[in-house]
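Colleague: sharing a model prediction with you, sequence too.
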Amino acid sequence: MSATIKISLKPDWARITFVPSSDDSSGDFADYHYFWLRHNCPCLQGCRHPSTKERLIDSAVVPLDIRPLRASVSADEDGQQTVVFYWPPIATKDDNGNLVLPDEEEHVSVFPVQWLRENAYAVGRDQTNELPPHDIGLITLDYKDFVSEHAAKLSDKGSVLYKAALYDILKKYGVAVIRNRGGETEDVIYDFIDPAADVISTHFGRVEHLRTDNVENTNNDQLGYTNSAVRLHTDLCYAKEVPGFQFLQCIRPADIGGGNYFVHAESAANYLKTEVSRRAYDLLTTVPVRFDRKQSKFKAQITEPILRLSEDVDPVTGERRLEQIRYSYFTQAAQTNVPFADLREWYEVLQVWDKLLYRDDFQIKADLNTGDVVIYDNRKVLHARNGFSGPRHMAGVYLEADDLWQHLGSAKEQLNESTADEQKK
């Protein structure tokens, strides 16, 4: 039976679908890592010896993050179907150890379909994960869209719509940017929780004023009160009970720099597990890490894995679910509980994880202006900022997750009930 070949280029691998020509079968498929494909290039222009056909290219010279420029389905001179990949050139070392780029703009690999089928190592792979969200448009609301035309505040209907929209975004993406919120920080708090509830006070105080000339908060001898860049992390990793949510309100942006960025770390961890390295994922869920906060007037520490799994097993996947991420390079203490022979592997795992988090297609970047607010799940979303100059000022508040979901969930229920009533009319 003849077959039609389909190819889909994913961020880190290609899916090749072998589709029979009859209409009664959907065909089968296999996934192939890009580095594996590039290493197995069958060409006689540097990858295989022209006479012996033995491999010339060493797997060590193939970058693990290589991606094709494009790919297509074609046929060879005998009419047999092939899949063609076009690659950027790979630098190799000459006899003197110098890196040398080949004299080619792109490298072409032509794979016979039959060879791909015979050497497939991931046929019908059903457990895959998509990239974390990285489009800021998906998580952004404009507060002005919910404000009454004739008032400077939300109507009852506008409030329900606004909070229901927040509920949807936070449930799906774990982070939301609210443009033009304005108002006092104390008022913003009750966008997210009931008036009877309260914020989480920490050793910094009730509301943090993150600025270099801070005088409002205690224990302000930490990075957040400097103008240094702060890399991706979750807050208060050293606490037994980590705050569920935090929001930041921009009181004044920096003159230069200070942009915020976020990664949905739950999605990143799942992507790591199925698309990059199951071994790295397993170590991140099992190796205990000591998070140690040492300030002049405050000390706290806890030892937990970076990725904490649930006790129960998901009935669909048969695996324990990811419940919480604790990740903070600036409070990570010296690693002393990993055997000498395993420590290099542990550091390699941390670098694999970190490299993933800093990919552009993993991050949401958000420049906040005066009055803008960003709120995120502190157990599943990492946040960071760039270094800056000028008097940047952010107000930060921690919230209980249950309080937030109860408040926003109530608005979502009201909207659903209202919509159902409208549909009955």
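Modeller: Cool, got the structure.

Colleague: which residues touch residue 302?
Modeller: Contacts for residue 302 (Cβ atoms under 8 Å, 6 or more residues apart in numbering) come out as 237-240, 290-291. For every residue, glycine as well, the C-beta is placed using N, CA and C.

Colleague: who wins on neighbours among those?
Modeller: When neighbours are taken as other Cβ atoms under 10 Å, the top entry among the contacts of residue 302 is residue 237 (27 neighbours).

Colleague: tell me the SS of it?
Modeller: Here residue 237 is recorded as coil under DSSP: H, G, I helix; E, B strand; the rest coil.

Colleague: same check, this time on the one 4 residues further on
Modeller: Remark: residue 241 carries the secondary structure label coil [criterion: three-state DSSP].

Colleague: begin at 225 from here
Modeller: I'll keep to 225 as the first residue from here, and by that count the last item is residue 465.

Colleague: what about it, distance to residue 625?
Modeller: To residue 625, residue 465 is 11 Å away according to Cβ to Cβ, to the nearest Å.

Colleague: and the two? Which one has more around it.
Modeller: Applying other Cβ under 10 Å to residue 465 and residue 625 shows that residue 625 carries more neighbours, namely 15 against 8.

Colleague: gap between that one and residue 547?
Modeller: 12 Å.

Colleague: any shared contact partners between these two?
Modeller: Between them, residue 625 and residue 547 share the contacting residues residue 603, judged by Cβ under 8 Å, 6+ apart.

Colleague: I'd like the contacts of residue 526 laid out as TSV, including distance to residue 400 and pLDDT.
Modeller: Below are those laid out as TSV (distance: Cβ to Cβ, whole Å; pLDDT from 0 to 100):
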residue	distance to residue 400	pLDDT
461	23	96
462	26	97
463	24	96
464	27	95
514	32	97
515	27	97
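
Colleague: next, the nearest residue to residue 576 once chain neighbours are set aside: secondary structure please.
Modeller: Excluding the flanking residues, the one nearest residue 576 by Cβ to Cβ, 6 or more residues apart in numbering is residue 504, at 4.9 Å. Here residue 504 is recorded as helix under three-state DSSP.

Colleague: contact partners for residue 504?
Modeller: 496, 573, 576-577.

Colleague: do you know how far it is from residue 291?
Modeller: Applying Cβ to Cβ, the value for residue 504 to residue 291 is 20 Å.

Colleague: biggest helix in the chain, by residue count?
Modeller: For the chain, the longest helix by residue count, based on DSSP state H, is helix 625-648.

Colleague: and the helices in the stretch 275-424 of the chain, which stretches?
Modeller: 337-342, 380-397, 409-413 (DSSP state H, counting those that start in this stretch).

Colleague: may I see the buried residues of the last one?
Modeller: Right, helix 409-413. Using 16 or more other Cβ atoms under 10 Å as the test for burial, helix 409-413 gives 409, 412-413.

Colleague: what is the helix or strand following that helix packed up against?
Modeller: Using DSSP states H and E, the next helix or strand after helix 409-413 towards the C-terminus is strand 432-434. With contacts defined as 3 or more Cβ pairs under 8 Å, 6 or more residues apart in numbering; DSSP states H and E, the packing partners of strand 432-434 are strand 617-623.

Colleague: export only the CA atoms of the strand it packs on, formatted as PDB.
Modeller: Taking C-alpha atoms only, strand 617-623 is exported to PDB below (Å, rounded to 0.1, in the frame of the first residue of the first chain):
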ATOM      1  CA  HIS A 617       8.900  51.100  42.900                       C
ATOM      2  CA  MET A 618       6.800  48.000  43.100                       C
ATOM      3  CA  ALA A 619       4.300  47.200  45.800                       C
ATOM      4  CA  GLY A 620       4.200  43.400  46.600                       C
ATOM      5  CA  VAL A 621       1.500  41.500  48.400                       C
ATOM      6  CA  TYR A 622       1.100  37.800  49.300                       C
ATOM      7  CA  LEU A 623      -2.300  36.100  49.300                       C
END
